[in-house]
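Student: the following comprises the amino acid sequence and a computationally predicted model.
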Amino acid sequence: MTEPVPGRVRVTGPSRSRTATRPAGTREIDADTQLGAIYMRSLLRDQLRLAVRILVLLAATVGSLPLVFHLLPGLAEVRLLGVPLPWLLLGVLVHPWLIILGWAYVRRAERHERDFADLVADVER
């Protein structure tokens, strides 16, 4: 005996007949009220603080390398694996450091945005 072939199944997305409700906080932002402006200022202030911290860290590490090599000229003569230290630092090791800083920035910026979304959603409750 052969088993019956199952019929086709139609796969659809979620029902669109429901009206989408927006959190009250986003309505405040969209309506450009004082409360919405306070919400946006707090997010922008947090994001700016984060960007400045990352920029200061980048300037303190990568930006100070030319000054270090200027103040300690003998350091420029040091070779590791046959490669001059300035080339190694500026040509090789800076790139992973930039990736790490970028990853840290994105991770923290997304955390700020999640916290902001939670704050806005709490207004509705």
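Tutor: Ah, there it is.
Student: show me the longest helix that occurs in the protein.
Tutor: Ranked by residue count and defined by DSSP state H, the top helix of the chain is helix 94-124.
Student: from the contact counts, what lies against that helix?
Tutor: If you count contacts as 3 or more Cβ pairs under 8 Å, 6 or more residues apart in numbering; DSSP states H and E, helix 94-124 packs onto helix 24-30, helix 34-61. In short, each C-beta sits where N, CA and C put it, glycine included.
Student: then stretch 66-78 to CSV, C-alphas only?
Tutor: Presented in CSV, the C-alpha positions along stretch 66-78 are these (Å, rounded to 0.1, in the frame of the first residue of the first chain):
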residue,chain,number,x,y,z
PRO,A,66,54.2,59.5,16.6
LEU,A,67,55.0,61.5,19.8
VAL,A,68,56.4,58.4,21.5
PHE,A,69,58.7,57.7,18.5
HIS,A,70,59.7,61.4,18.4
LEU,A,71,60.6,61.5,22.1
LEU,A,72,62.3,58.1,22.1
PRO,A,73,64.2,58.0,18.8
GLY,A,74,66.0,54.8,19.7
LEU,A,75,62.7,53.0,19.7
ALA,A,76,62.4,53.5,15.9
GLU,A,77,65.5,51.3,15.5
VAL,A,78,64.0,48.4,17.4
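Student: need the contact partners of it.
Tutor: For stretch 66-78, contacts defined as Cβ atoms under 8 Å, 6 or more residues apart in numbering pick out Pro84, Leu85, Pro86.
Student: what about 10 Å?
Tutor: Here stretch 66-78 makes contact (Cβ atoms under 10 Å, 6 or more residues apart in numbering) with Ser64, Leu65, Pro84, Leu85, Pro86, Trp87, Leu88, Leu89, Leu90.
Student: same thing with stretch 79-87?
Tutor: Contacts for stretch 79-87 (Cβ under 10 Å, 6+ apart): 65-66, 68-69, 75-78, 88-93.
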